[in-house]
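Enquirer: Take this sequence and fold it.
(one chain, ligands or ions: 1)
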Amino acid sequence: MESTSFDALLAASRESARLGQHGAGAAQAEEALRLRSSGEAFSLLALHRLRLGNLKGCLAAGRVAAPLLQRDGLWAELATLEGVQAVACLQAEWLPQGLMHARSAAAAAEKAGGGLAQAWADCRLAQVSHQLGEMARASELFERAEAVSVTLGAPDLQFSILHNRAWFVVDALLSQLPQTVEQMTLALQRLERAQKLAESLGNVHSQGICLLNRSRLLMGLDNAAQSQELARRAAALGHEHALTQLFVGAQAVCVEWMLRQGQVAEALDTLQDLSTALPEADLIGHIELQHLRVKAHRQRGEFEQALNAFEALHALSLRQTKARASLQTWAVLHQDEVEAERTRARRAEADADRMRGLARQWELEAHIDPLTGLGNRRAMQASLPGLLSAVGASRQPPMAVILDLDHFKKINDRHGHDVGDQVLRTIGQMLRTCIRPGDLAARLGGEEFLLLLPDVKADQAFALCERLRNLIAAHDWSVLADGLQVTISLGLAAVEAGEAPWNAADQALYRAKAAGRNRTELG
Ligand SMILES: Nc1nc2c(ncn2[C@@H]2O[C@H](COP(=O)(O)OP(=O)(O)OP(=O)(O)O)[C@@H](O)[C@H]2O)c(=O)[nH]1
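Expert: Numbering: from 1, shown residues only. Purely as a prediction, here's the structure:
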């Protein structure tokens, strides 16, 4: 039950990742982790948190996930996770760690084997290389990864490569670095291709960021009308799927357009609404809005307000620098926290293992007769549907044999209860050795045993009964007690569908007892 809901939550979180619905995906991964500690669930959580802009949370989940995936030899999953962490480090401008994670991704991908994991790792390494200013290396890696993604038909990887290559141009544009028309046009083409892939994948997050970045590039190329159209579509997607960063980014493009149109009052009103909507922690978003506010006041000649806005912008930038610096030291400072999380994860897993072990043992005990080690009545009832469904092929119902010790009360009375127990145990062993691998033997209770024999004709089953009866009668029981003799009576009949599947065998046994015992009767 628990494992079913865990598996379902994990699958749902994976599906949310595929569809770019990261708010829901993070909640599903967290819910799954409440049931069981799992490298895959932590890894999904890291991905969702990255997409939601929670970089610290992403890295925290990643640090717990990595050793679990490594322990289980899930190299492809580990490569993906390392790639996600590399991207988180890049977003925090923590390049050395980004490089480390990208290299770990490549190492894990090599262990995983197969071109796809390696191509993803190349893509991550390319992103880091670009950020480090190694443009030629970045292009080479991107091209190698792209060739693999096309050959293997991996549209999500293709999307990532196209989008990342275009993003470098958009990023430079946002940082007010001049870009050539050729660079912007090429980036736009890549994003158009990426957009088609995102649509075919049905991933709303990917579609949204494509629309947004296309609208930013179009603004850079002074194609305002089309830029507005795309920004509005991106904002609608962001609003519909609670992707706040997307929504605010797209609205910021609209504000930019209002400013170009001279609609300054409207632009300032919209900026106010956006600041309220954006979570305080989203510094990048607030900085973008504040940039626009400075621009708006300057445009209207409100230099004092522009100066105030600029000071606020400066304060935000300072906070961002501090946040980035603190994120860089965070991993070191919070080593204890991470360790505690790991210990908790290990303990939860050990607890879950123990509970699973106990459950298995209880399940087993509930079906086993402790005296003989044979199955009990419950075990027989549980295996009956399987036996009967196999009947279809052979068209022959299993034979049931009920076997009962003769005058067992006298044995107990004369030789003691312990000897009686020994007799029952010995009979259990004899039954076990006499039946074929597909046959079932159980102790129904007291001195009564049941055999279920699939794929056997009545005369063969009768012969087995007689062999057993003679074996038991001829056995040297005196090793257990002086003068001890044991015989059995057997009733044999085909298993019947319905409430009392071995009723006919029971009736036959009754006749065997009535006819003088130590004999087999066929029902
Ligand atoms: N030693 C021992 N005796 C048991 C166990 N379970 C049931 N018995 C005894 O088995 C005896 C069964 O007696 P009855 O039902 O009269 O049957 P019987 O003496 O074998 O007579 P028939 O079946 O008519 O031949 C009772 O005395 C029970 O106490 C057990 O686990 N160990």
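Enquirer: ok, for A497, nearest residue in space, not its chain neighbours?
Expert: Spatial nearest neighbour of A497, excluding adjacent residues (CB to CB, 6 or more residues apart in numbering): L388 at 6.9 Å. For every residue, glycine as well, the C-beta is placed using N, CA and C.
Enquirer: For that neighbour, pull up the helix or strand it's in.
Expert: Using DSSP states H and E, L388 sits in helix 377-389.
Enquirer: If we go by neighbour counts, what in that helix is buried?
Expert: Buried residues in helix 377-389, counted by 16 or more other CB atoms under 10 Å: 379-380, 384, 387-388.
Enquirer: picking up where we left off before, now for the residue nearest to A497: which residues touch it?
Expert: By CB atoms under 8 Å, 6 or more residues apart in numbering, L388 lies in contact with 397-398, 495, 497.
Enquirer: Looking at it now. What's its pLDDT?
Expert: Listed pLDDT for L388 reads 77.
Enquirer: and if you look at the one 3 residues further on?
Expert: Here, the pLDDT recorded for V391 equals 63.
Enquirer: Check H101 too.
Expert: Looking at H101, its pLDDT is 93.
Enquirer: neighbours around it, how many?
Expert: The number of residues packed near H101 is 27, by other CB atoms under 10 Å.
Enquirer: Excluding covalently adjacent residues, which one is nearest to it?
Expert: A86 (3.8 Å).
Enquirer: cool, and E256?
Expert: Distance criterion CB to CB, 6+ apart; nearest residue to E256, sequence neighbours excluded, is M219 at 5.9 Å.
Enquirer: what do you get for E30?
Expert: Spatially, and ignoring its direct neighbours in sequence, E30 is nearest to L45 (6.5 Å; CB to CB, 6+ apart).
Enquirer: surely that neighbour meets A29?
Expert: Yes - shown here, L45 and A29 form a contact pair, counting by CB atoms under 8 Å, at 4.0 Å.
Enquirer: re the thing from before, ok, the helix holding L388 near the ligand or not?
Expert: No - judged by CB under 6 Å from any ligand atom, helix 377-389 makes no contact with the ligand; its nearest approach is 13.4 Å.
Enquirer: Pull the distance from that helix to the chain's centre.
Expert: Counting by CA atoms, centre = their mean, to the nearest Å, helix 377-389 is centred 33 Å from the centre of its parent chain.
Enquirer: Close to the ligand: what parts of the stretch 251-400 of the chain are there?
Expert: When proximity is defined by CB under 6 Å from any ligand atom, the stretch 251-400 of the chain lies next to the ligand at L371.
Enquirer: All the helices of the stretch 251-400 of the chain, in order from the start?
Expert: 264-277, 283-299, 303-333, 335-365, 377-389, 391-394 (DSSP state H, counting those that start in this stretch).
Enquirer: Would you confirm that M430 contacts I472?
Expert: Yes - counting by CB under 8 Å, I472 is a contact partner of M430 at 6.5 Å.
Enquirer: Neighbour count: those two, which is higher?
Expert: Set side by side, M430 and I472 show more neighbours around I472, with 23 against 17, by other CB under 10 Å.
Enquirer: The more buried one belongs to a helix?
Expert: Yes - counting by DSSP: H, G, I helix; E, B strand; the rest coil, I472 is found in a helix.
Enquirer: Backbone dihedrals for the residue lying closest to it once chain neighbours are set aside, please?
Expert: Distances taken as CB to CB, 6+ apart put I488 closest to I472, at 5.3 Å, once the chain neighbours are dropped. Note on I488: its backbone torsions stand at phi -130, psi 160 [degrees, to the nearest 10].
Enquirer: just checking, I488 touches V401?
Expert: No - here I488 does not reach V401: they are 10.3 Å apart, not a contact under CB under 8 Å.
Enquirer: Then E93 would be within a strand, right?
Expert: No - judged by three-state DSSP, E93 forms no part of a strand; its state is coil.
Enquirer: For it, give its distance to S175.
Expert: E93 sits at a distance of 12 Å from S175 (criterion: CB to CB, to the nearest Å).
Enquirer: These two: who's more crowded?
Expert: A side-by-side neighbour count of E93 and S175, using other CB under 10 Å, places E93 first with 14 against 7.
Enquirer: Next one: the more buried one from S227, what distance?
Expert: According to CB to CB, E93 stands 28 Å off from S227.
Enquirer: cool, R377 as well?
Expert: Applying CB to CB, the value for R377 to S227 is 76 Å.
Enquirer: ok, the residue nearest to E256 touching W257?
Expert: Yes - if you go by CB under 8 Å, M219 and W257 touch, sitting 7.0 Å apart.
Enquirer: what sits in contact with each of these two?
Expert: Overlap of the contact sets of M219 and W257 (by CB under 8 Å, 6+ apart) consists of S227.
Enquirer: which residue does this structure bring closest to the ligand?
Expert: Using CB to the nearest ligand atom, G420 is the residue of the chain that sits closest to the ligand, at 2.6 Å.
Enquirer: these two touch, right, that residue and K410?
Expert: No - applying CB under 8 Å as the test, G420 and K410 come out as separate, 9.9 Å apart.
Enquirer: more neighbours, these two?
Expert: Using other CB under 10 Å, the more surrounded residue of G420 and K410 is G420, with 21 against 10.
Enquirer: can you pull the contacts of that one?
Expert: Shown in contact with G420 (CB under 8 Å, 6+ apart): 408, 411-412.
Enquirer: V401 should be in a strand, yeah?
Expert: Yes - counting by three-state DSSP, V401 is part of a strand.
Enquirer: Just list the residues touching it, thanks.
Expert: Contact analysis of V401 by CB under 8 Å, 6+ apart lists 450-451, 453, 461, 464-465, 490-492, 505.
Enquirer: per-residue confidence for it?
Expert: In this prediction, V401 has a pLDDT value of 96.
Enquirer: Look up how far T520 lies from it.
Expert: Distance of V401 to T520, given as CB to CB: 8 Å.
Enquirer: swap in Q507?
Expert: Using CB to CB, we find Q507 at a distance of 13 Å from T520.
Enquirer: The two - which one has more neighbours?
Expert: Neighbours were tallied for Q507 and for T520 using other CB under 10 Å; the higher tally belongs to T520 (22 against 15).
Enquirer: For the more buried one, grab phi and psi.
Expert: Here is the backbone geometry of T520 (degrees, to the nearest 10): phi -110, psi 130.
Enquirer: Can you give me the pLDDT of it?
Expert: pLDDT, T520: 97.
Enquirer: surely it meets A512?
Expert: Yes - using CB under 8 Å, T520 is in contact with A512, at 6.4 Å.
Enquirer: any residues in contact with both of these two?
Expert: Shared contacts of T520 and A512, defined by CB under 8 Å, 6+ apart, are found at 489-491.
Enquirer: any chance you could map the strands in this structure?
Expert: Remark: strands assigned in the chain by DSSP state E are 399-405, 440-445, 448-453, 488-494, 520-522.
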